[in-house]
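K.L.:
Okay, sequence plus prediction incoming.
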Amino acid sequence: MGADIANATTLLVRLTIEAPAFLRVFGMKPMKWRMTVLWFVLVSAAMMLVACGGGGSDTTGGTRSVRTFVSDTFADDYQNVFGTLYRVELLTAANTPATIYDSTTGSTYDFKQLGDTSGSRFAFLANAVVANETYTQVRVVVGATMQIVPTGGTNANTVNVVGDGPAAGGKVTITRTLATPVTFGVTDDFVLDFDLANFTITGSNVTPAIRRNNGSGLDDTARHEEDDIKGTVAGLTGTVPNQQFTLTRLNDSVTVFMDANTTVFNSNGASNPAVANGQVVEVYGLFNTARNGIVATKVKIEDGNGGDDNDEAEGATSEVNATAGTFRITYGTFFGFDPKGSFVKIETTTNTVYRANSGAIITKAEFFTAIGETGLAEAEGTFNPTTNTLVATKVKVEDEGTGGGGGGGGAGEKEAKGGYVEGNATAGTLLISVFEYEGWSFPGGNLSIRTSGSTEYKNANNENVTKAAFFALLNTNVDVKVHGTLDGATTINARELRILD
């Protein structure tokens, strides 16, 4: 098309030069002719440019924003398939790579959980910028082994991953040709499918099947797994609790949205968490394709500026033993290690820190009571692959909204402590001057508390009392603790109120 434009333009320019002598014979004015032909040249060139797709970066050059997800095509051959993904690249026909995900620690997935009988499920991986090219292959770097639990089993078989060859750090590179070359739109998606139905296992070796998934169901948030990603906060905007920021990582960035249901807490157990630019945080939540970002259920502010490098596990609890201080996490998400079976044993010690769903420090007894009610927990520590045990330095109650007390609370529940300022027993309201809070970034000052017919009231001995008795105990020398859910940044709907010693 470029040659056609050049040829047509040359012809028209020659007409503007050579035609005037001929036209004088017929009494036409050369200047008028030149202006007419020049106008025609410009219009024709513009039309030809439009016909070939325009002269901008819509067809060649420029960059594209590519949201990448991991998924699976359902297969019932295995109960669990654990593997760690470190790098994903797209390759052009000339083998020019475009990196869409890169991590030194990697992301561990149970690929079996990324597909069910209703279709594919999705885990957000990265949001990268790539060159506007046509890509023909995908190349991934994975851990050298995978842990595969047979259907009906509990113990994993360790299998060696067969790929193109070894990668640095004891990893394996796998390259696959895409069924259809892909050219991305301005903002587009790439779903990497670990196609379990077509995995090949020979002895102790596995050859993974990897392809591009068509992304059916990607816009349905209910088909997404909870994401767990770490990065650095930048561009924090908004007013507590409705804030957003950009989470930046090694090779990409993603927008994170916080609201009244987001729990914010410090990893080291300190009170009064506050999200700020430059912090290293760990974000949990679901990717929302319509908002083009992660709607956070939790934001954990890491210790210091370097973040934590602990092994982590989060999921459903079983085999809870408060006396021994142990429990199991099954069908969970894992960070930093591959489980050696369908579950991981969690072992607490005398140095373990116990936290409620809000992030507040609680006792060991309160923690084990709470996970008995919620059935969900998170643990951080050091994983021992020989015993399939994570020795926990920190454990936390998790809750998907079932409510409950004992240090648990409902999803997004907050906690605050403060001195009593004023109250109205008839209206069931009070005001406290906050000196400590957990679960959100309180802007400071006084906190309004609203009660309801379901609010629990406790005295300084942690004994249940009536509403009237509780309000009768209040005076300006009394401190109060409240558990509840936010209604704006400075109002809590109380689930529980307690007089502090």
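P.N.:
Structure received. Keep in mind it's a predicted model, so treat the numbers as computed, not measured.

K.L.:
Would you mind listing the residues in contact with the nearest residue to Asn464 once chain neighbours are set aside?
P.N.:
Excluding the flanking residues, the one nearest Asn464 by C-beta to C-beta, 6 or more residues apart in numbering is Lys458, at 5.9 Å. For every residue, glycine as well, the C-beta is placed using N, CA and C. Contacts were defined as C-beta atoms under 8 Å, 6 or more residues apart in numbering; by that measure Lys458 touches 464-465, 470, 496-499.

K.L.:
Tell me the spacing between Lys458 and Asn160.
P.N.:
Distance from Lys458 to Asn160, counting by C-beta to C-beta, to the nearest Å: 57 Å.

K.L.:
Kindly report the same for Ser216.
P.N.:
32 Å.

K.L.:
Which pLDDT value belongs to the most centrally placed residue in the chain?
P.N.:
Residue closest to the average C-alpha location in the chain (C-alpha atoms, centre = their mean): Asp227, at 3.5 Å. Reported pLDDT at Asp227 in the predicted model: 87.

K.L.:
Contact partners for it?
P.N.:
So Asp227 contacts 123-124, 283-287, 294 (C-beta under 8 Å, 6+ apart).

K.L.:
Check the residues you listed and tell me the two furthest apart.
P.N.:
Greatest spacing in the contacts of Asp227, by C-beta to C-beta: Ala123 and Val283 (13.5 Å).

K.L.:
Give me the residue ranges of the protein where confidence is low.
P.N.:
1-60, 304-309, 400-412 (pLDDT under 70).

K.L.:
let's see it at 80
P.N.:
Regions of the chain meeting the criterion pLDDT under 80 cover residues 1-61, 74-76, 303-309, 331-332, 399-412, 501.

K.L.:
Okay, helices next: where are they in it?
P.N.:
Listed in chain order, the helices of the chain (DSSP state H) span 2-24, 30-51, 364-374, 467-472.

K.L.:
show me the contacts for Asn160.
P.N.:
Residues counted as contacts of Asn160 (C-beta under 8 Å, 6+ apart) are 144-145, 204-206.

K.L.:
rerun at 7 Å
P.N.:
By C-beta atoms under 7 Å, 6 or more residues apart in numbering, Asn160 lies in contact with 144-145, 204-205.

K.L.:
Please apply the same query to Thr237.
P.N.:
243-244.

K.L.:
roughly how far apart are it and Thr246?
P.N.:
Counting by C-beta to C-beta, the gap from Thr237 to Thr246 is 10 Å.

K.L.:
go on, Lys396?
P.N.:
Taken as C-beta to C-beta, the span from Lys396 to Thr246 is 26 Å.

K.L.:
When these two are compared, which one has more neighbours?
P.N.:
Taking other C-beta atoms under 10 Å, Lys396 and Thr246 do not tie; Lys396 has more neighbours (29 against 17).

K.L.:
show me the contacts for the more buried one.
P.N.:
Neighbour list for Lys396: 355, 377-378 [criterion: C-beta under 7 Å, 6+ apart].

K.L.:
Go again with 6 Å.
P.N.:
Contact partners of Lys396, counting by C-beta atoms under 6 Å, 6 or more residues apart in numbering, are 355, 378.

K.L.:
How about Gln147?
P.N.:
By C-beta under 6 Å, 6+ apart, the residues touching Gln147 are 82, 156, 338, 340.
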